[in-house]
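# here is a sequence together with a model predicted from it:
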Amino acid sequence: MPGILTDSVRSQIDEIELDSSRPLVICDADEVLFEFVRSLEHYLDTRDHYLDLQSFAITGNIKHKETKVPFPASGMKDLLADFFATSTRDMSPVPGAAEALAALARHAQIIILTNMPEEHREDRLAALERHNMSYPVVANDGAKGAAAAALSERTGDPVFFLDDLPPNISSVRRGVPHATIIHFIGDIRLAKLLGPAPDCDHRIDDWVEAQRVIEETIARARG
């Protein structure tokens, strides 16, 4: 399912000025624009835990430094909420992200569609501005297909979507069937743990190549 467009997400989208004649790039933030895993590892280190990157998952892979006991799944929601509250402004950018988006902004509109608590949206905006990526942000919750569809309905073709998580990619494939979808994982350790998402058009893990594919697709669309 593409997901549900909540009132909160709809309101955020309605605040964004979009040009119906221009292409659209919808971009995730964590592991696409920001080094989420490395930031999480730093956060966990200060709390006597570490991330055991044995599989493409967070739940079950956060363990105590001494006992190696996994952090309880029941506490993950609170842990991640505290992580976003304390770390969102300080995340480092994925190499090449700012430069690629600046180049793409000459040809298309850029929207950041990120799954995070809405109360930390301003923190994400501040982090983006700090790293020269001042683009509108939509704080989503859950599947991204409905939000992506609402954005694409107000813009021109082509539409692009970049994300690290296969469920989000599948959701957008259903919500925006004509989108060009790029499966992107910035952390090379994490990228090695997961193959291309079944519903993506491209698996690209560096911004130089992603920029090239997007620009060439726009050029073909323009004839």
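Received, thanks.
# who does the longest strand along the chain touch, helix- and strand-wise?
When the chain is scanned for its longest strand (criterion: DSSP state E), the result is strand 109-115. With contacts defined as 3 or more CB pairs under 8 Å, 6 or more residues apart in numbering; DSSP states H and E, the packing partners of strand 109-115 are strand 24-27, helix 121-130, strand 137-140, helix 145-152. To be clear about C-beta, it is placed using only N, CA and C from the backbone, and glycine gets the same treatment.
# give me that answer again for 6 Å
In terms of contacts (3 or more CB pairs under 6 Å, 6 or more residues apart in numbering; DSSP states H and E), strand 109-115 is packed against strand 24-27, strand 137-140.
# who does it pair with, and is each partner parallel or antiparallel?
Strand 109-115 sits in its sheet next to strand 24-27 (parallel), strand 137-140 (parallel), going by DSSP bridges.
# what does the last one rub up against?
This points to strand 137-140. 9, 12, 112-113, 115-116, 118, 121, 124-125, 147 (CB atoms under 6 Å, 6 or more residues apart in numbering).
# this protein: helices as residue ranges?
7-14, 36-45, 76-87, 97-104, 121-130, 145-152, 166-175, 188-191, 207-222 (DSSP state H).
# out of the ones you listed, which is the most enclosed?
helix 145-152 (a mean of 24; mean count of other CB atoms under 10 Å).
# pLDDT on that one, on average?
Per-residue pLDDT over helix 145-152 has a mean of 97.
# mind starting the numbering at 42 from now?
From this message on, residue numbering opens at 42, which makes the last subject helix 186-193.
# give me the angle between it and strand 150-156.
Put simply, helix 186-193 runs at 160 degrees to strand 150-156, going by axes from the mean of the first three to the mean of the last three CA atoms, to 10 degrees.
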